[in-house]
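sequence-free structure coming up:
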């Protein structure tokens, strides 16, 4: 948690507290004011001036007049202004703030602006110190849950005493279930709420407790569902309830083994052993070969949540908004704690970085710079899985050592992998793959991706259904024969990817040899 007292004692005249949690921020400011024995006044355009005890009220709603009063005040005060960024279009307000910044240094006074967005005029950039207010930690969230949970369990037990017998039975079971949650479940509930603000967490806890009355789902799982909705509000991060396991991936043995070796990396035992936190991996290859599926499987291998990060949605129209979106996304991901951060088709967001300075004022370069710096320096247990379909469009600095733990080439499946993939999808659609002879279908599908093999099974099912018969090997083979795979229609990209993987000694995600034309990269002996 930020130490506001040290900033105030050091004579910082204007602080800009960046947060959506106005109430929690004001509580921190009040604690600092009490510690330093300073009086505190809070201003907003709807309430004017007030103090935390509501013993002082001044109906000054105009921001210009409010700033003039602050400037003329001779007492040593801490002033808080809510959402002042909305008035930064006025030259008079900007000039007054510059005067305050200069005078307050000599007078030992401090002005703190609380805002959910970073919007600072160029004229004030050197006068204002921006402080990023962290999302609540585990202790904060635990306190919120305990207060809510204990008081409601107590109220529920009191309610039981006055209920009619006809209503009592079901409610008694609910209160008994609610009051008997284990310490492990409490830990899961708190962990599920990481990444939420206090208000969001309190809402999630309350709804989960209510919904658990008529549901067999655990409270921690219900909190996770609510968090998924809260995270999704940003439009940039999205929580995925991934159920896929390694059994859903055909082939990619090197990659699966690499992930399994690191499956305990997020544990306390790993920290005690001295293991560094894994950074992440980059998966490069043609579409449909299992890169996105691997991200979903990895979250289950690691036993942590999967969060999809749509970097393309970071870029917004307002000046400074893109940088703010990136900051919020990173802060939320880190607050979640141990998680897999899945960045799909990264090249679409970061291609063309070299020319962005002339097309968007350098916004893309700044966002990209912030992101790769975070990748390099992060110590949080956020494991990044980035997928790329066209490696040639990525900035070279993203591929240098230190950004990712490893870069894998995900090539087209070999004969054995194609046979495994066909079995997976035949079973997926309700058939017993052991009753099929899929060797011929695997032999007929050289150059097909996993996604194309699934489509062949689906097409075979449609054809069999149309003919009023059960799915057969021939239906799948016939569907394969009438399809032109991406490796043929997009052979130039495939050839480039193979050359790139070979030249750069990128690790092959598959452990199989053979069909060298379709595989590239070095083999690992794991």
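That came in fine, so what should we check first? Since the model is a prediction, treat every value here as computed from it, not as a measurement.

Now the terminal residues of stretch 428-441, how far apart.
17 Å (CA to CA, to the nearest Å).

to the chain's geometric centre, what's the distance from it?
Relative to its chain's centre, stretch 428-441 lies at 38 Å (CA atoms, centre = their mean, to the nearest Å).

which residues sit against that stretch?
418-419, 422-424, 426-427, 456-458, 461, 471-473, 476-477, 480 (CB atoms under 8 Å, 6 or more residues apart in numbering). Glycine gets a C-beta too; all of them are placed from N, C-alpha and C.

rerun at 10 Å
248, 415, 418-427, 445, 448, 453-454, 456-458, 460-461, 470-480 (CB atoms under 10 Å, 6 or more residues apart in numbering).

And the pLDDT for residue 1?
pLDDT, residue 1: 65.

Mind checking which residue lies nearest the centre of the protein?
Centroid check for the chain by CA atoms, centre = their mean gives residue 333 as the closest residue, at 4.1 Å.

got the contact list for that residue?
With contact taken as CB under 10 Å, 6+ apart, residue 333 is in contact with 195, 231, 237, 307, 309, 339-341, 374, 378, 380, 382, 384.

same thing but at 7 Å, please
Counting by CB atoms under 7 Å, 6 or more residues apart in numbering, residue 333 touches 237, 307, 339, 341, 382.

out of the contacts of stretch 428-441, which are buried?
248, 415, 418-427, 445, 448, 453-454, 456-457, 460-461, 471-473, 475-480 (16 or more other CB atoms under 10 Å).

quick one on the thing from earlier: give me the subset of the contacts of stretch 428-441 lying in helices.
When DSSP state H is applied, the contacts of stretch 428-441 are split such that 415, 418-427, 453-454, 456-458, 460-461, 473-480 fall in helices.

so where does the residue nearest to the centre of the chain fall, helix or strand?
Residue 333 is part of helix 321-336 when elements are defined by DSSP states H and E.

Packing partners of the helix or strand that that helix is followed by?
Using DSSP H and E, the helix or strand that follows helix 321-336 in sequence is strand 339-343. Secondary-structure packing of strand 339-343 (3 or more CB pairs under 7 Å, 6 or more residues apart in numbering; DSSP states H and E): helix 291-302, strand 306-309, strand 382-388.

State the next helix or strand along the chain beyond strand 339-343.
Counting by DSSP H and E, what follows strand 339-343 is helix 347-350.

Report the buried residues of that next one.
347, 349, 350.

so residue 136 sits right up against residue 195, yeah?
No - the pair residue 136 and residue 195 fails to qualify as a contact (CB atoms under 7 Å) at a distance of 9.4 Å.

of these two, who's got more company?
residue 195 (26 against 23; other CB atoms under 10 Å).

SS state for that one?
Here residue 195 is recorded as coil under DSSP: H, G, I helix; E, B strand; the rest coil.

That one - nearest residue in space that isn't next to it in sequence?
Once flanking residues are discounted, residue 195 sits nearest to residue 336: 3.7 Å by CB to CB, 6 or more residues apart in numbering.

quick one: contacts for the one you found?
By CB under 7 Å, 6+ apart, residue 336 lies in contact with 194, 195, 305, 307.

One more pass at 8 Å, please.
Residue 336 neighbours (CB under 8 Å, 6+ apart): 194, 195, 305, 307, 382.
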